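*Asks:* sequence unknown, structure follows:
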């Protein structure tokens, strides 16, 4: 796992999975939507994200496996709008500086 700032992340070229978590956060629940798993803490805040087949997903915005393996910083960004939480991932690397929206399931209690 690599770490910078508030997030830790790992990208596996072999399994093509990107994992991102807020440093020190405890996961209380997870929700899956296709190739995405979103982790929540006990307050329902998004604290982690796993993207399977990451190169397929990010390839649609011209980010390659090589770009993913050379990331210098990854952050999970959230924005509350009424009853909806928008989840985005910020990727920063040699050839990448993008904020990408993530399809996110809603956690119901």
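*Replies:* Everything's here; your move. Predicted model, so just to flag it, every value in this text is computed and none were measured.
*Asks:* OK, contacts around residue 101?
*Replies:* Applying Cβ atoms under 8 Å, 6 or more residues apart in numbering to residue 101 gives the contacts 86-88. Every residue, glycine included, has its C-beta placed from N, CA and C.
*Asks:* make it 7 Å
*Replies:* Residues in contact with residue 101 (Cβ atoms under 7 Å, 6 or more residues apart in numbering) are 86, 88.
*Asks:* which residues of the chain fall in strands?
*Replies:* 2-4, 7-12, 17-22, 29-33, 36-40, 46-52, 71-81, 84-93, 97-102 (DSSP state E).
*Asks:* any idea of the mean pLDDT in the last one?
*Replies:* Per-region confidence: strand 97-102 scores 94 on mean pLDDT.
*Asks:* then the fifth one?
*Replies:* Throughout strand 36-40, pLDDT has a mean value of 93.
*Asks:* would you turn the strands of the chain into JSON lines with distance to residue 59?
*Replies:* Formatted as JSON lines, the strands of the chain follow (distance: least, Cβ to Cβ, whole Å):
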{"stretch": "strand 2-4", "distance to residue 59": "21"}
{"stretch": "strand 7-12", "distance to residue 59": "14"}
{"stretch": "strand 17-22", "distance to residue 59": "13"}
{"stretch": "strand 29-33", "distance to residue 59": "19"}
{"stretch": "strand 36-40", "distance to residue 59": "15"}
{"stretch": "strand 46-52", "distance to residue 59": "12"}
{"stretch": "strand 71-81", "distance to residue 59": "15"}
{"stretch": "strand 84-93", "distance to residue 59": "13"}
{"stretch": "strand 97-102", "distance to residue 59": "12"}
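*Asks:* for residue 61, which of those is the nearest?
*Replies:* Among the strands of the chain, strand 97-102 comes nearest to residue 61, with 6.0 Å by Cβ to Cβ.
*Asks:* that closest one relative to strand 17-22, how many degrees between them?
*Replies:* 90 degrees (axes from the mean of the first three to the mean of the last three Cα atoms, to 10 degrees).
*Asks:* for stretch 34-49, buried residues please.
*Replies:* If you call a residue buried by 16 or more other Cβ atoms under 10 Å, then stretch 34-49 has these buried ones: 36-40, 46-49.
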